[in-house]
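Asker: fold the following for me, if possible:
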Amino acid sequence: MNQSTPKLNPKQIEAVLALSGPKRYSHFIKRVADWEVVWSLYDDGWATAETDSGIQTVPFWPAEDYAILCSLDHWQDFKPKGIPLDDFMNNLLPSLQRDGILPAIFPTPAGLSVTPTIEELLGDLNEELQWYA
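Answerer: Coordinates of the predicted model:
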């Protein structure tokens, strides 16, 4: 597992970031199933944020380029870190669930993200991965 995703061109990044939350979420599911890696930001621990209702979240992206774009402000010292999809689904998500932390899927530099439950995210990933069996 080489923990890399194809380099994206700026126009592609701009177009995907302009998508609505549900469309970015769908894009995330398809890309991580295809590339078998999920990206987050790490610096002695995963980057975190909070929902408007105060629930802790961890951000995840389908490609390193998007994570880099969001490593600013309180995440400026964080570096993109790839997570093999299998490890993400079988270890990290169950750990987050035990801790009551939600995944923040595909945040934009403006801070917009989708926060599904762990069950929804795993269900959507497993459904998409059936196409790759």
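Asker: any low-confidence regions in this protein?
Answerer: The chain contains residues with pLDDT under 70 at 1-5, 133.
Asker: check it for its longest helix and report it.
Answerer: Longest helix of the chain, by residue count under DSSP state H: helix 21-35.
Asker: are we agreed that L96 is in a helix?
Answerer: Yes: judged by DSSP: H, G, I helix; E, B strand; the rest coil, L96 forms part of a helix.
Asker: now do the contacts for it.
Answerer: With contact taken as CB atoms under 8 Å, 6 or more residues apart in numbering, L96 is in contact with V58, L102, P103, I118. Bear in mind the C-beta positions are built from the backbone N, C-alpha and C, glycine included.
Asker: which of these ranks first by neighbour count?
Answerer: P103 (26 neighbours; other CB atoms under 10 Å).
Asker: surely that one touches P94?
Answerer: No: if you go by CB atoms under 8 Å, P103 and P94 don't touch, sitting 11.8 Å apart.
Asker: find residues that contact each of those two.
Answerer: In contact with both P103 and P94: I118, using CB under 8 Å, 6+ apart.
Asker: so how far does stretch 58-71 reach from one end to the other?
Answerer: 13 Å (CA to CA, to the nearest Å).
Asker: show me what counts as buried in that stretch.
Answerer: For stretch 58-71, the neighbour count (16 or more other CB atoms under 10 Å) marks 58-68, 70-71 as buried.
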